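> this one's sequence-less:
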Ligand SMILES: CCC(=O)SCCNC(=O)CCNC(=O)[C@H](O)C(C)(C)COP(=O)(O)OP(=O)(O)OC[C@H]1O[C@@H](n2cnc3c(N)ncnc32)[C@H](O)[C@@H]1OP(=O)(O)O
């Protein structure tokens, strides 16, 4: 069933009209209404994104600011259930003041049924939310229950709006400060993707849908025999910071952008929240992979409570949908300190251990420079069930750096040394320690690193290890769990 959209007297379309919005998201002429538009506050359709079937529901911001009543909630529940039955992604376009105030508890019950439908669908079909305007109360928790939240610049996500905040707390705060993309991108972690405008929100959603629902297969023939020397992107000095995203972009397949330029296929999620860890989806040898990578540019790449939690949720999402993982490791350890302990680094760090150990998708690790201590274990180590663990030459795998280790082991000897000899002694002891403990060679000898690889063969080796694991299993085995918003 298709539809004509009423126009205003000036002939222009109402940009808040849900029929206008879904048409902008979907492939041309692919829209099929699940129900005709009505005054329920919600609208739902089937359609296609680059030929892939999807279901879309959309707040009707032309009626009571898109507030959710029983009938509108029924439409959303039916849309989500349809997507689960038809095993296709479901996308929600949100612009809503939450539960319809005039309907009282009936509206609350409707919103609760929407939440329950989202949880039933969790881990079964990808759920993407695109927030285009205010999303209050139930319309805030709705997106938060889904896998990926894209926010347009006008998006405002909050439990209660500024008026309620003022009357209850006396605090005067505007809508942008309370729930705009800045807050949710940097502080709360609710937002995965910040779009430049509404059109960009649709574009980013189309790309993510393609990566999640059109994962394709890894085809080694798509890779050059000799790939780029990815190690050349790292600084010469082992302790210097660099942005791991340059390695990720170069490692993944390029893609043609709408302006016909080649760009990386990498779609980073939550870039400003927990930035010492980079997570996102992209293509390697044609197949979708999830990338989890320490970023030495931020906090020297240390794991902290937020970055561990961010990675844990991403790993579980990929595992739910059978997306294999590439894990790039360059980590000096967990960030130490009172702030981290207070912030729950033990509890939240445990989520990362659980997520990797539980994941049944193929997951390959590469140690670029160093992997120390508990962070070595947490970053998809052999002990947690990694499919394969590779390292670049000169990578260090140890409990801590040799310099730090001798500072503890030879504390008294160093303290007793003359001040002008101490540094040289420290260096000598560190070199001896590194030789004795064995570094990456010892890691290979005991089987926790499979092989030291040529950096120029990185793409091919990672892709081949994932492809071999997929072939052995007869396909990508997705984890049987939902994607709880950790
Ligand atoms: C599950 C629990 C829940 O969901 S409880 C939800 C409770 N909801 C809220 O506290 C939010 C109430 N609404 C607001 O604070 C504002 O409308 C927000 C969302 C901030 C949007 O502001 P603004 O962009 O200025 O739009 P607006 O206020 O002009 O609203 C447009 C029209 O929509 C209406 N509207 C809004 N929210 C509701 C609602 N929850 N129930 C019924 N109607 C609602 C407004 O009254 C307004 O109507 P009108 O155009 O003046 O006729």
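Now that the structure is in, tell me what you want to look at. Values in this document were obtained by computation on a predicted structure and should not be read as measured data. Residues are numbered from 1 along each chain as shown.
> Now for the closest residue to residue 171 other than its chain neighbours, which secondary structure element holds it?
Computed as CB to CB, 6 or more residues apart in numbering, the closest residue to residue 171 that is not its neighbour in sequence is residue 165, at 5.5 Å. For glycine as for every other residue, the C-beta is placed from the backbone atoms N, C-alpha and C. Here residue 165 is covered by helix 162-169, with elements defined by DSSP states H and E.
> what do you get for residue 43?
Assignment of secondary structure by DSSP H and E places residue 43 within strand 42-49.
> sorry, back to before: verify the contact between the residue nearest to residue 171 and residue 178 for me.
Yes. Residue 165 is within contact range of residue 178, at 6.8 Å (criterion: CB atoms under 8 Å).
> Secondary structure class of the residue in the stretch 301-450 of the chain that the ligand sits nearest to, three-state.
For the stretch 301-450 of the chain and the ligand, the shortest gap (CB to the nearest ligand atom) falls at residue 313, measuring 23.1 Å. Here residue 313 is helix, with the state taken from DSSP: H, G, I helix; E, B strand; the rest coil.
> change the start of the numbering to 48 and stick with it
New numbering, starting at 48: the last item is residue 360.
> pretty sure it is touching residue 532, no?
Yes. Between residue 360 and residue 532 there is a contact at 6.9 Å, judged by CB under 8 Å.
> More neighbours: which of the two?
residue 360 (22 against 15; other CB atoms under 10 Å).
> residues contacting the more buried one?
398, 402, 530, 532, 533 (CB atoms under 8 Å, 6 or more residues apart in numbering).
> one more time with 6 Å, if that's ok
Contact partners of residue 360, counting by CB atoms under 6 Å, 6 or more residues apart in numbering, are residue 533.
> Tell me the confidence at it?
Per-residue confidence (pLDDT) for residue 360: 98.
> same thing with residue 308?
The confidence metric pLDDT takes the value 74 at residue 308.
> Helices along the stretch 98-247 of the chain, start to end?
Secondary structure of the stretch 98-247 of the chain (DSSP state H, counting those that start in this stretch): helices at 117-133, 152-168, 185-191, 209-216, 222-226, 228-230, 245-260.
> Next: the stretch 248-397 of the chain.
Under the criterion DSSP H, counting those that start in this stretch, the stretch 248-397 of the chain carries helices at the ranges 291-298, 352-367, 385-389, 392-405.
> So which residues make contact with the first one?
The one in question is helix 291-298. Under the criterion CB under 6 Å, 6+ apart, external residues in contact with helix 291-298 comprise 275, 277, 280, 311, 313, 325, 338, 340, 342, 506.
> ok, and the most crowded of those?
Neighbour counts for those peak at residue 325, which has 29 neighbours (criterion: other CB under 10 Å).
> Was I right to think it contacts residue 340?
Yes. Judged on CB atoms under 6 Å, residue 325 makes contact with residue 340 at a distance of 4.5 Å.
> Show the backbone phi and psi for the residue of the chain positioned farthest from its centre.
Taking CA atoms, centre = their mean, the residue of the chain most remote from its mean C-alpha position is residue 465, at 51.3 Å. Main-chain torsions, residue 465, degrees, to the nearest 10: phi -60, psi 150.
> follow-up on the earlier one: of all the helices of the stretch 98-247 of the chain, which one is nearest the ligand?
Taking CB to the nearest ligand atom as the measure, the helices of the stretch 98-247 of the chain were each checked against the ligand, and helix 185-191 came out nearest at 3.4 Å.
> Stretch 143-163 near the ligand at all?
Yes. Judged by CB under 6 Å from any ligand atom, stretch 143-163 comes into contact with the ligand at 144, 145, 146, 147, 148, 149, 155, 158.
> any idea what sits nearest the second one, other than its immediate chain neighbours?
Which is residue 145. In space, not counting the residues next to it along the chain, residue 145 is nearest to residue 184; the distance is 2.9 Å by CB to CB, 6+ apart.
> Could you measure from the one you found over to residue 193?
Here the criterion is CB to CB, to the nearest Å. By it, residue 184 lies 16 Å from residue 193.
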